[in-house]
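S.K.: Prediction below, plus the sequence it came from.
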Amino acid sequence: MKKAFKPFMILLLILVTFLSACGAESTGNNTNTDNENNSGEDKKKIGILAPAVTHGWVAAVAYHAEERAKELSDEIEYQIQTSSNAAEMTSQLDDLMTWGAEAIVAFPQWEGMEVPIQRALDAGIEVINFDIAIDAEGVYRVSGNNEDMGIQGANYIVDKIGTEGNVVILEVPTSGSVSELRKKGFVETIEKIAPNLNVSTYATQFTREDGLKDFADILTSNKQIDAVYSMDDETSIGVLQAIKEAGRTDIKVVTGGGGMQEYFKMMPENEEIWIQSALYSPAMVKDAVDVALKVLKGEEVEEVTIIPTTIVDRENYTEFLDDKSPY
């Protein structure tokens, strides 16, 4: 009995070993097949750095960047990091480098990002800055056109009220070149196409609270205003509230800037006033993600990409509605 059992056990062990080897070989083939079928190895790795803000224009930058990254998921892998200051963004940039990012789309709102971004560039990582110009050699930039926003605002107002009347400019000196360039485009265009317009300039801020407070005072000191060149949608919301509270019916145009969903929805509600927004949209960051992918594919890309100004009013606002946008 023992002699018959021993050869049987040896045969059983050989059979088990053979089956185990076959099973291991089969698993390996499945893994290789998965790798061959999965284009993940060919995907470009793109990191995204944005400020950690939960609402408003800045918050929408991260939202739109991630939306575009998801749309490109067949071609890219991505990580998105949000930060509250330059030190935190620098640390996150280092994390993206460790992760293996081949390109980084950055919205560096704080001073002090030049050195870490240059370090990434020196390491062979492509960097595409959104909106902000910084002193770093080899960085790409995608931005809107502040001066053209002013030009388009001037053309819009003259189209609606003609070449004569009273126009108020609401500038924001604390915003630096943003306000300067928008005002420059507006004033120079008005001088060319409607030199007889009476233009007055007042200072405010890019908030609805300041727009309301400052424009309430302006209304008191100006008995006739035909149009308001406001540079920002938030400011314009305050301006419209001030007009409503004062019961004024003389103002026919209020411009804005940015691309705010709440402001868009006000456009059809105010039939007596043409409400306009010159887009300087956070959605432009999608173009920055596109530039990153093009660079990694070896396509020729301009060092600076300027997004043309788009005008939104009651006639086309529905094309720009996005209920998920935080701005």
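M.R.: Nice, I can see it.
S.K.: pLDDT at the closest residue to residue 274 other than its chain neighbours, what is it?
M.R.: Closest residue to residue 274 apart from its sequence neighbours, by CB to CB, 6 or more residues apart in numbering: residue 253 at 4.7 Å. (C-beta placed from N, C-alpha, C; glycine too.) pLDDT recorded at residue 253 is 98.
S.K.: Ok, residue 134 next?
M.R.: Here, the pLDDT recorded for residue 134 equals 84.
S.K.: Contact partners for the nearest residue to it once chain neighbours are set aside?
M.R.: Take residue 134 and drop its neighbours on the chain: the residue closest to it by CB to CB, 6+ apart is residue 114, 5.2 Å away. Shown in contact with residue 114 (CB atoms under 8 Å, 6 or more residues apart in numbering): 134, 135, 136.
S.K.: Quick one: which of those residues is the most crowded by neighbours?
M.R.: Ranked by neighbour count (other CB atoms under 10 Å), the contacts of residue 114 have residue 136 at the top, with 20 neighbours.
S.K.: Could you confirm it falls within a helix?
M.R.: No. Applying DSSP: H, G, I helix; E, B strand; the rest coil, one finds residue 136 to be coil, outside a helix.
S.K.: and the closest residue to residue 69 other than its chain neighbours, what are its phi and psi?
M.R.: Leaving aside its sequence neighbours, residue 69 sits nearest to residue 78 (CB to CB, 6+ apart; 4.1 Å). Note on residue 78: its backbone torsions stand at phi -140, psi 150 [degrees, to the nearest 10].
S.K.: what residues are up against residue 284?
M.R.: Contacts of residue 284 (CB under 8 Å, 6+ apart): 64, 130, 131, 142, 143, 144, 307.
S.K.: of these, buried ones?
M.R.: 64, 130, 131, 142, 143, 144, 307 (16 or more other CB atoms under 10 Å).
S.K.: just curious, which of those residues is nearest to residue 191?
M.R.: The nearest member of these to residue 191, counting by CB to CB, is residue 144 at 23.2 Å.
S.K.: and the gap between the closest one and residue 59?
M.R.: Residue 144 sits 17 Å away from residue 59, taking CB to CB, to the nearest Å as the criterion.
S.K.: With residue 140 instead?
M.R.: According to CB to CB, residue 140 stands 23 Å off from residue 59.
S.K.: how about the contacts of residue 284 in TSV, adding pLDDT and secondary structure?
M.R.: Listed next are the contacts of residue 284 as TSV, based on pLDDT from 0 to 100; DSSP: H, G, I helix; E, B strand; the rest coil:
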residue	pLDDT	secondary structure
64	92	helix
130	92	strand
131	86	coil
142	94	strand
143	91	strand
144	91	coil
307	91	coil
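S.K.: tell me the two of the residues you listed that are most distant?
M.R.: Greatest spatial distance in the contacts of residue 284: 64 and 143, 14.5 Å, computed using CB to CB.
S.K.: What degree of burial does residue 175 show, as a neighbour count?
M.R.: 16.
S.K.: ok so, going back, list the contacts for the residue nearest to residue 69?
M.R.: 45, 46, 47, 48, 66, 69.
S.K.: Relative to residue 92, which of these is nearest.
M.R.: residue 47 (8.3 Å).
S.K.: Show the backbone phi and psi for the closest one.
M.R.: The phi/psi pair for residue 47 (degrees, to the nearest 10) reads phi -100, psi 150.
S.K.: Spatially nearest residue to the residue nearest in space to the middle of the chain, not counting backbone neighbours?
M.R.: The residue lying closest to the centre of the chain (CA atoms, centre = their mean) is residue 282, at 2.6 Å. The shortest distance from residue 282 to any residue other than its chain neighbours is 3.7 Å, reached at residue 60 (CB to CB, 6+ apart).
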